[in-house]
Every structure is written in structure tokens, then in C-alpha cells.
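Peer 1: Sequence first, predicted coordinates after that:
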Amino acid sequence: MLKKYNRFELSEKDVMSQLGRQPSEIEYKLLLHFFYSRYLSNPIPELRNIFAKNSKPILRTDSHTFVVGIESKNSITGSSSLRTQYACGTKAALTYHSSFSKITIGRIDKDKKLNYPIHGNESLFFIQDGANLKKVCSEIIDLGHVSIYIVHPGSLGKVLLDLSKNSFGLDLTFSKSDDIKILSDSKIHGVLCVGDPNLLSDFKNICSKQRLINLSLGQLKSAHIISLLIQNNVKASLSLASFFHAEPSSQTLTPVVKTQENQTERKTVKELKNYSRQVLAIWKSIKDQKLNYLKPEKYSIGTMAIYKRKKEIALAFPDNSHYLKNNIKTGTRILIANASRQLVNKGFKPVGFTMIMHGVDLRKNDDQWEMQEMYSRAVETSQLLKMKLINPLITSDNVRPDLEICVFGEKMDNTITVNESFQNENNFITLLGSHRGELNGSLYQKEIQKISGQSVPSVDLRMEARLQEVILQGIQTRLIKSVSNVSNGGLAAALANSLSQSEKGIGARIHLSRKLRQDEMLFGETQGLVIVTIEESDLMEFERICMTIGIPSTTIGRVTGDGRLKFNDVVNIAREDL
């Protein structure tokens with residue numbers, strides 16, 4: 001991938017301008033490898049802000065330290081999800097797989113220290129990737145006073161410059177001048193250990209036992225100079241500023257293509273007296289959908305996976321990714337909100353997410369703009385939903401722009417396990433959110449009405465944040481007995497989902513009155529809708545919470561014991577048919 005986007009150039013004239021003098025041959029090569037390594041970590045300058053921010057793989061919360069590894073085919077920068085876990089001395093607790101990508105979520109003890117303050121006298125020790133890297137990193141971390149940094153292919157030079165932060169110099173030691181190629185060698189990857197010089201022999205012994213290739217690179221120093229020593233002879237000595245020349249500002253990307261307006265596609269369809277057949281068709285379509293792979297399988301629920309050990313953690317990905325192809329801006333918001341809501345419905349507080357943005361041909365302005373739009377909307381959504389964006393990745397050569405979202409969270413204190421199934425006869429069924437009956441881009445519009453729509457439903461992220469707060473409070477206070485997300489297939493599919501998981505004989509009777517058509521109420525995929533069940537004695541208290549936080553709640557029916565799904569007078573289906 002890097003060859004396609006390789007626009008790197010560095011001339012002696014540029015170096016002379018930076019140094020104010022003619023560089024020696026070895027000085028020029030040293031600068032070239034450092035600059036090329038930095039370029040390989042950001043080969044498309046127009047997308048610089050995506051790589052410059054949110055690139056750290058670690059997120060700390062009050063309860064957990066999450067490690068987020070990410071990789072994908074055709075990535076424009078090298079990455080490895082497992083190497084990220086190994087560098088932190090842990091393993092993947094939860095894994096998401098698609099045909100293109102892999103995302104791993106690991107956790108480490110909150111009190112385990114990973115990165116120590118840099119004082120400017122630490123040794124630099126590189127360990128090449130290998131079968132026993134996890135064990136080596138774990139043993140080195142246990143030594144204490146060591147920080148480990150991930151080195152993706154070609155990024156060693158960049159990692160060293162990031163470590164320097166324009167505040168510390170480097171004494172780099174090599175046995176021969178040609179060895180400096182390691183700084184930007186795209187075949188070289190592993191981890192960089194930065195720690196007390198007295199630990200250097202321990203580093204070497206640990207690597208020797210596990211038969212991993214390693215190299216002592218030298219050490220940091222307080223003087224603002226980067227020096228190159230070949231067999232202890234100084235061959236180059238350049239001021240730190242020479243390696244941190246100002247980069248041109250990123251250009252503003254604007255699309256050449258016209259953005260599509262979010263208009264509602266309507267087709268004159270005669271309203272029916274009965275929609276039972278359509279509900280069954282939509283429900284079958286949803287059951288036939290093939291979900292991406294989650295591990296551990298035994299703790300996978302739909303598009304979620306839960307890691308059960310002490311305090312639980314979970315990850316989720318959206319089940320309505322089709323919206324992105326119609327509208328990148330709104331689609332990105334919808335996907336993140338959907339996955340986040342799934343965690344909340346299980347009693348997990350979303351704390352962060354990662355994303356893989358699949359581009360088409362990133363040499364083109366329009367495709368670069370699409371990546372920028374995905375990223376900008378993701379950052380906006382993370383702020384409004386109070387999550388952190390961690391370690392995003394960009395790929396290319398996809399058929400069309402696409403986005404993979406993975407949201408992760410932690411179990412709230414005092415929460416019980418809540419699922420979609422209706423629990424007890426006579427519980428009230430309540431709809432949270434304002435149902436607008438939007439059929440734009442819906443499964444019903446595609447499968448039943450045979451409309452190829454180009455619009456998407458609207459999404460209110462501020463209202464989404466309040467909705468999630470209500471759900472978490474309802475679960476913590478034991479008021480909510482079940483939660484079902486309204487997503488693909490609309491309200492009809494959410495009800496069918498709950499009933500299909502309920503005990504034999506359980507049914508639901510719904511009466512919903514709106515200034516909407518029956519098919520809009522049944523199949524509209526309004527964003528930010530959730531169905532919950534509440535015991536009659538708890539209904540007033542739950543409605544008080546909704547009113548205080550500012551979320552519409554409407555009691556639309558009751559759980560019954562007749563084993564049937566009844567909706568107004570237009571649906572009457574036996575539970576066994578679901």
C-alpha cells in the first residue's frame with residue numbers, strides 16, 4: 001500500500017536549507033531515514049490530523065485500563081492488533097473479526113504501571129517481533145522502571161522522535177553505518193523498551209532465553225543533539241531542531257462531488273389492513289443476517305461480546321452499517337450511537353471506541369474528503385456521547401467508502417443482567433424516545449416496498465446521550481426488567497426479538513397511536529428508540545426519571561400470557577412463528 005502513496009522526497013538542498021550548511025553523506029542518510037520513517041506513519045499529508053490525534057492504544061478509566069489493538073488489510077500504515085496487546089504485557093480479552101479487519105480489546109490491572117516519566121538518561125532497546133514477544137514484554141514490564149512503545153513497520157525512527165519530544169537528545173549506537181536503515185525499514189517491527197541503563201543486561205538475557213532478535217540502540221540524553229556513533233566513533237552530530245522542521249499545514253479538503261440531500265423517498269403504497277406477513281418477512285430477513293465474528297463465542301450476544309472476569313467489560317459493533325453508504329456524515333453518527341446504545345442496554349457504560357475507515361483511492365481529493373468526514377463526525381460523536389476515540393486506522397482499495405466501528409465499555413456498579421426477553425405477564429411495555437416513523441433507507445423500504453432509497457433517518461446525539469443515561473439509571477435502580485434496541489426492522493423487529501427470547505406462552509399486546517401510518521409505526525427505523533418493560537408498581541418512579549432527564553416515555557402495551565404478538569389491529573402473530 002505504501003508504494004502507491006509514496007510521495008516522499010528529501011533533497012540535499014532541503015537539508016542544506018534546514019542545517020544552514022552542506023551535510024555530510026552520513027548526516028544526510030541519518031536525516032533521510034528519520035524523515036522517511038515519519039512519512040511512513042503519515043503517508044497522506046492531507047489526512048495528518050487523523051494520525052496526529054487519538055493514536056494512543058491505551059485508555060484508562062477509574063475501573064480499568066483498556067488496550068485497543070487494531071489491524072486491517074490494505075492499511076496505509078502498518079499495524080498489528082496482537083503486537084499492541086503484547087507491548088502492554090497482556091493478551092486479547094475480546095476480539096472482533098470481519099473479512100478485512102481485526103480489533104482486540106485487552107485489559108490490564110489498574111495499578112500496573114506501563115509508562116514511566118522520561119528523564120533523559122534512559123537506555124533504548126529494540127526487540128524484533130516474534131513468537132514469544134508477549135512473554136518477553138511481560139517479563140520486562142515486571143522489572144519496573146521500563147516503558148514499552150509499539151514499533152509498527154518502518155516506524156522506529158518516528159517512535160524515537162516522538163520519544164524525544166524535541167526535549168531530549170539521542171546517542172544512537174550502531175556497529176556499521178548501513179545499520180541506520182533499521183530506522184525506516186518497512187520489514188522491521190516490534191517494540192522499543194525505554195528504561196534504566198542498569199536493566200540493559202536483563203533485557204538481553206530475557207530476549208536470549210526466548211530467542212528474540214534484539215538491538216541496543218543507545219540512550220537518551222539531556223543535550224539537544226542527536227548523535228550517531230559507529231563502533232563508538234561519532235560520525236554525525238546534529239541539533240535536535242534539525243529533526244523537527246516545520247511541516248506545511250494540511251490543506252482544506254472540499255468535495256468535488258455534490259453532497260446528497262437527506263430527503264425522504266416516498267412511494268405511494270396503499271395502507272394495508274393487516275401487516276402480519278410483512279412482520280414475519282422482516283424478522284426472517286434479520287435472522288438470516290450473518291454477523292461478524294466475536295470472541296469469546298460463548299459470551300457473544302448478537303453484535304456484542306462480554307468478557308466475564310471480576311468486573312466485566314464488553315464490546316459492540318453496529319448492526320445498521322448500511323446507512324453509511326447513503327450519507328457518510330449522518331451514517332457515521334448513527335453507527336457509533338447504535339453500538340454505544342447496545343452496550344448501555346446490557347448495563348455497560350461506553351467509555352471508548354475505535355474505528356477502521358476504508359477508503360477507495362486516497363490519491364483522489366474526494367476520497368480523502370470522505371475519510372476526513374468520517375473522522376470529523378466520529379470526533380463530534382465521541383464528545384457528545386462522552387467517549388474517547390482510540391487508535392483509528394485507515395485503509396484503501398475498498399470497493400466503496402466503509403466504516404467499521406467497535407465500541408467498548410465497562411459494567412456499571414450495582415447493575416443486574418438485563419436482556420431482551422419479556423419477563424413477567426402484565427409488565428408494562430414502554431417506548432423510550434420520540435417515534436418519527438422514518439422509513440428512509442429502512443429494511444422495510446428495501447425488502448417490502450422495493451425502494452432503493454438514498455436517504456437516512458436523522459439522529460439527535462444530545463437526545464441519544466440522555467436516552468442512554470435513562471437506561472443506565474433504570475437498570476441500576478432495578479426498575480427496567482428488559483431492554484430491546486429499535487434498529488433494523490423498526491419497532492416490529494424489536495418486539496419480535498423480545499418475544500422470540502421469552503418463555504413459552506409469553507406474548508405482547510401493543511396499542512400505539514400516532515399521526516403516522518401503520519407501516520411507519522411498525523417498521524420505521526427512527527434512531528434513539530428503545531423498548532423497555534417495567535413492573536406496574538415501578539412505572540411512576542421510572543417515568544419520573546425520564547421526565548427529570550428529559551426523555552419521552554410512552555406506555556404502549558403490556559406483556560401477556562397468550563403467546564401472541566398483537567399490534568393495534570394490524571398484526572396478530574403466534575410466538576411460535578417467530
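Peer 2: Great, that's in hand.
Peer 1: domain assignment for the protein?
Peer 2: Domains of the chain are assigned by automatic domain parsing as 1-39+115-241, 51-104+302-413, 267-289+414-578.
Peer 1: Looking at those domains, which one is packed in the most?
Peer 2: domain 51-104+302-413 (a mean of 21; mean count of other Cβ atoms under 10 Å). Glycine gets a C-beta too; all of them are placed from N, C-alpha and C.
Peer 1: so how far does it reach from one end to the other?
Peer 2: Using Cα to Cα, to the nearest Å, the end-to-end distance of domain 51-104+302-413 comes out at 35 Å.
Peer 1: do the same with stretch 92-100
Peer 2: 18 Å.
Peer 1: residues in contact with it?
Peer 2: Contact with stretch 92-100 is made by 69, 72-74, 81-82, 85, 102-107, 292-296, 305-307, 309, 313-315, 317, 356, 358, 395, 398, 404, 406, 408, as judged by Cβ atoms under 8 Å, 6 or more residues apart in numbering.
Peer 1: just the helices in the stretch 1-150 of the chain please.
Peer 2: 12-19, 25-40, 48-52, 81-87, 133-143 (DSSP state H, counting those that start in this stretch).
Peer 1: what's the closest of these to I531?
Peer 2: Within the helices of the stretch 1-150 of the chain, the stretch nearest I531 is helix 81-87; the backing value is 35.0 Å (Cβ to Cβ).
Peer 1: chain center to the closest one: distance?
Peer 2: 16 Å (Cα atoms, centre = their mean, to the nearest Å).
Peer 1: Same check on stretch 208-227?
Peer 2: 33 Å.
Peer 1: and what of stretch 295-315?
Peer 2: 16 Å.
Peer 1: do stretch 7-19 as well
Peer 2: 37 Å.
Peer 1: one step back: distance to N274 and mean pLDDT added to the helices of the stretch 1-150 of the chain, as JSON lines?
Peer 2: Below are those laid out as JSON lines (distance: least, Cβ to Cβ, whole Å; pLDDT from 0 to 100):
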{"stretch": "helix 12-19", "distance to N274": "74", "mean pLDDT": "80"}
{"stretch": "helix 25-40", "distance to N274": "62", "mean pLDDT": "92"}
{"stretch": "helix 48-52", "distance to N274": "50", "mean pLDDT": "78"}
{"stretch": "helix 81-87", "distance to N274": "49", "mean pLDDT": "91"}
{"stretch": "helix 133-143", "distance to N274": "59", "mean pLDDT": "92"}
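Peer 1: Of those helices, give the one that comes closest to V470.
Peer 2: It's helix 48-52; of those, that one is closest to V470 (Cβ to Cβ) at 33.4 Å.
Peer 1: Output the contacting helices and strands for the closest one.
Peer 2: Here helix 48-52 touches helix 365-384, going by 3 or more Cβ pairs under 8 Å, 6 or more residues apart in numbering; DSSP states H and E.
Peer 1: Give the other helices and strands that the helix or strand following the helix it packs on contacts.
Peer 2: Note on helix 365-384: by DSSP states H and E, the next helix or strand toward the C-terminus is strand 388-389. Here strand 388-389 touches strand 348-358, helix 365-384, going by 3+ Cβ pairs under 8 Å, 6+ apart.
Peer 1: any chance of these in TSV, plus distance to S455 and mean pLDDT?
Peer 2: Shown next, in TSV, are the helices and strands packed on strand 388-389 (distance: least, Cβ to Cβ, whole Å; pLDDT from 0 to 100):
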stretch	distance to S455	mean pLDDT
strand 348-358	22	96
helix 365-384	17	94
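Peer 1: Flag the helix or strand of this structure with the lowest per-element mean pLDDT.
Peer 2: Across the helices and strands of the chain, mean pLDDT, DSSP states H and E gives its lowest value to helix 48-52, namely a mean of 78.
Peer 1: mind checking how far that helix is from the chain centre?
Peer 2: 16 Å.
Peer 1: ok, now how distant is the spatially most central residue of the chain from N54?
Peer 2: For the chain, T354 is the residue whose C-alpha lies nearest the centre (Cα atoms, centre = their mean; 1.7 Å). As judged by Cβ to Cβ, to the nearest Å, T354 and N54 stand 9 Å apart.
Peer 1: you'd agree Q22 is up against Y28?
Peer 2: No. Counting by Cβ atoms under 8 Å, Y28 is not a contact partner of Q22; they are 9.3 Å apart.
Peer 1: and for the two, which residues touch both?
Peer 2: E12.
Peer 1: The stretch 451-578 of the chain: strands as residue ranges?
Peer 2: 480-485, 507-510, 530-534, 553-560, 564-567, 571-574 (DSSP state E, counting those that start in this stretch).
Peer 1: Include mean pLDDT when you put the ones you listed into a markdown table, please.
Peer 2: Listed next are the strands of the stretch 451-578 of the chain as a markdown table, based on pLDDT from 0 to 100:
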| stretch | mean pLDDT |
| --- | --- |
| strand 480-485 | 96 |
| strand 507-510 | 96 |
| strand 530-534 | 97 |
| strand 553-560 | 96 |
| strand 564-567 | 96 |
| strand 571-574 | 96 |
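Peer 1: Could you dump those strands into CSV with distance to T330 added?
Peer 2: Converted to CSV, the strands of the stretch 451-578 of the chain look like this (distance: least, Cβ to Cβ, whole Å):
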stretch, distance to T330
strand 480-485, 18
strand 507-510, 29
strand 530-534, 20
strand 553-560, 25
strand 564-567, 28
strand 571-574, 30
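Peer 1: Ok, which of the ones you listed comes nearest L389?
Peer 2: strand 480-485 (22.3 Å).
Peer 1: List the strands paired with that closest one, with their directions.
Peer 2: strand 530-534 (antiparallel) (DSSP bridges).
Peer 1: In space, what's closest to E541 - neighbours in sequence excluded?
Peer 2: The shortest distance from E541 to any non-neighbouring residue, by Cβ to Cβ, 6 or more residues apart in numbering, is to L479 (6.2 Å).
Peer 1: Just to check, that neighbour is in contact with I534?
Peer 2: Yes. Counting by Cβ under 8 Å, I534 is a contact partner of L479 at 6.1 Å.
Peer 1: shared neighbours, those two?
Peer 2: With Cβ under 8 Å, 6+ apart as the test, L479 and I534 both reach F542.
Peer 1: Quick check: chain neighbours aside, which residue is closest to L156?
Peer 2: Closest to L156 by Cβ to Cβ, 6+ apart is L183, at 5.2 Å.
Peer 1: The nearest residue to Y293 once chain neighbours are set aside bridge partners, please.
Peer 2: Nearest non-adjacent residue to Y293, counting by Cβ to Cβ, 6+ apart: H97, 4.0 Å away. Beta-bridge pairing of H97 under DSSP bridges involves K102, Y293.
Peer 1: Over to L228?
Peer 2: Applying DSSP bridges, one finds that L228 bridges with L172, A236.
Peer 1: Quick check, E535 in contact with T430.
Peer 2: No. Using Cβ under 8 Å, E535 is not in contact with T430; the gap is 11.1 Å.
Peer 1: pretty sure E27 is in contact with S239, am I right?
Peer 2: No. The criterion here is Cβ under 8 Å, and E27 misses it with S239 at 11.3 Å.
Peer 1: which ones are touching L403?
Peer 2: With Cβ under 8 Å, 6+ apart, L403 has these contacts: 321, 324, 331-332, 335, 355-358, 374.
Peer 1: One more pass at 6 Å, please.
Peer 2: If you count contacts by Cβ atoms under 6 Å, 6 or more residues apart in numbering, L403 has them with 324, 357, 374.
Peer 1: In TSV: those residues, plus distance to I58.
Peer 2: What follows is the contacts of L403, written out as TSV (distance: Cβ to Cβ, whole Å):
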residue	distance to I58
L324	28
M357	21
M374	23
